[in-house]
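Asks: this one's sequence-less:
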């Protein structure tokens with residue numbers, strides 16, 4: 001399997017398209033097989049869910065803006081969620097998350113909604129780090 005993955009190449013010959021057996025001009029079509037729509041609506045979920053890995057290797061993504069040159073984009077930073085456990089109730093503050101985040105990398109945001117689940121108290125925050 002790893003050999004097949006290593007041989008993946010965007011410059012390979014084009015493959016024959018898979019024919020769609022539905023009516024393309026039907027008004028009430030749900031477009032469930034529309035790859036472009038799936039990719040565009042799923043981009044936020046993918047970027048918010050980072051980091052991603054494949055075969056134990058980190059995958060780094062960047063959403064290109066209009067006019068941005070892909071060759072100029074540096075893929076040397078990625079996002080991680082950090083969780084710090086066993087804190088007292090008074091220590092679970094966004095200020096502490098900001099200081100810890102800036103110490104590790106660059107603080108991005110604090111998730112205040114998931115601060116306490118039962119007896120498990122923790123601080124969860126997102127950072128950007130060099131890779």
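Replies: Thanks, I have the structure now. Everything quoted here is computed from the prediction, not taken from an experiment. Numbering: from 1, shown residues only.
Asks: Which stretches in the protein count as helices?
Replies: Under the criterion DSSP state H, the chain contains helices at 2-6, 35-48, 94-104.
Asks: the longest strand in this protein is where?
Replies: As far as residue count goes, and with DSSP state E defining each element, the longest strand of the chain is strand 120-130.
Asks: What pairs with that strand, parallel or antiparallel?
Replies: For strand 120-130, sheet partners with direction are given as strand 77-85 (antiparallel), strand 106-110 (antiparallel), strand 116-117 (antiparallel), following DSSP bridges.
Asks: for the second one, what is the average pLDDT?
Replies: This points to strand 106-110. Per-region confidence: strand 106-110 scores 92 on mean pLDDT.
Asks: again, but for the last one
Replies: For strand 116-117, the per-residue pLDDT values average out at 54.
Asks: Same question for the first one.
Replies: Throughout strand 77-85, pLDDT has a mean value of 87.
Asks: hmm, back to that, check which residues of the longest strand of the chain are buried.
Replies: Buried residues in strand 120-130, defined by neighbour count with 16 or more other C-beta atoms under 10 Å: 121, 122, 123, 124, 125, 126, 127, 128. Backbone N, C-alpha and C define where each C-beta goes, glycine included.
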